[in-house]
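Peer 1: pasted the sequence and its predicted model underneath.
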Amino acid sequence: MSIEDNLLDENLVETNIDHFDYPLTFEFKIGTISNDFIVKDKNGITLAYVRQKMFKFKDAIQVFSNEQKSKVAYTINADRIIDFNASYSFTNEHDEVLGKVGRKGMKSLLKASYEVFSNDNAKEFHIQEENPWAKVFDSLLGEIPVLGMLTGYLFNPKYIVKNSNDVPVIRLTKEPSFFGRKFRLDKLEDISKKESERIILSLMMMSLLERRRG
């Protein structure tokens, strides 16, 4: 087999969120029954189409490699029936476990707090809401007629991802918008491909859970 063939085989086993350029965007779809959103890189290339299966007792997420939803690249599944303390495991298209994410106990009641674990159950990262009051004011203002339309511009939560040394490595920020929800994911420090993969999958799941909270 030639060198070119070897490179082609290696590319075939890679999935979209294995290789891309930061920053990324999470853009939620409008007018769909399911909680869908699209992930794109800085060049506008679609990396994933994320769909939450509806009417499930346990959360089940499919991450497709394209908007046509022709191939499932990852799945995210809860370890129990709907529960505040559930953890969510990631598997790839070959059913290999990549890691998991879970809320950090009672700390998540006031502001989002999650922990990311590797495939061998070692804690790698901590995700925390940087400005929790933004979500509170966003929810309150959203109940007021007319003024509720402004919440997408006035209050925008931010989430920071820190490693085991408490160093910020990634930030997820909700961008101002009148319609829909759009988040920007910026890399702050160098991280490995596998770490990046776990963090992105964790933030996908967290985005769905936090959207449910308001």
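Peer 2: That came through fine.
Peer 1: okay, and the beta partners of T91?
Peer 2: Beta-bridge pairing of T91 under DSSP bridges involves T75, V97.
Peer 1: that one and N119 touch, don't they?
Peer 2: No - using Cβ atoms under 8 Å, T91 makes no contact with N119, being 9.7 Å away. Glycine gets a C-beta too; all of them are placed from N, C-alpha and C.
Peer 1: those two: which is more packed in?
Peer 2: T91 (18 against 15; other Cβ atoms under 10 Å).
Peer 1: okay, that one: pLDDT?
Peer 2: As predicted, T91 sits at a pLDDT of 95.
Peer 1: same question for T151.
Peer 2: According to the prediction, T151 has pLDDT 53.
Peer 1: one step back: now do the shared contacts for T91 and N119.
Peer 2: Counting by Cβ atoms under 8 Å, 6 or more residues apart in numbering, the contacts common to T91 and N119 are 97-98.
Peer 1: give me the neighbour count for K123.
Peer 2: For K123, the tally of surrounding residues (other Cβ under 10 Å) stands at 10.
Peer 1: if I pick it, what's in contact with it?
Peer 2: Counting by Cβ under 8 Å, 6+ apart, K123 makes contact with 115-117, 164.
Peer 1: quick check: beta-bridge partners of it?
Peer 2: F117.
Peer 1: what does G102 give?
Peer 2: S87, E115.
Peer 1: sorry, back to before: and of the contacts of K123, the nearest to P176?
Peer 2: V116 (27.5 Å; Cβ to Cβ).
Peer 1: can you redo the contacts of K123 as CSV with neighbour count and pLDDT?
Peer 2: Converted to CSV, the contacts of K123 look like this (neighbours: other Cβ atoms under 10 Å; pLDDT from 0 to 100):
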residue, neighbour count, pLDDT
E115, 18, 95
V116, 24, 97
F117, 19, 96
S164, 10, 93
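Peer 1: check those residues and tell me the two furthest apart.
Peer 2: Among the contacts of K123, F117 and S164 lie farthest apart (Cβ to Cβ), at 11.4 Å.
Peer 1: name the SS class of M206, please.
Peer 2: Assigned with DSSP: H, G, I helix; E, B strand; the rest coil, M206 falls in the helix class.
Peer 1: which residue packs closest to it, ignoring adjacent ones?
Peer 2: Spatial nearest neighbour of M206, excluding adjacent residues (Cβ to Cβ, 6 or more residues apart in numbering): Y114 at 5.6 Å.
Peer 1: what do you get for L185?
Peer 2: L24 (4.2 Å).
Peer 1: ok, now N35?
Peer 2: Using Cβ to Cβ, 6+ apart, the nearest residue to N35 is Q52, at 4.1 Å.
Peer 1: just to revisit the earlier point, and which of the contacts of K123 is nearest to D36?
Peer 2: For these, with D36 as the reference and Cβ to Cβ as the criterion, the closest is V116, at 23.1 Å.
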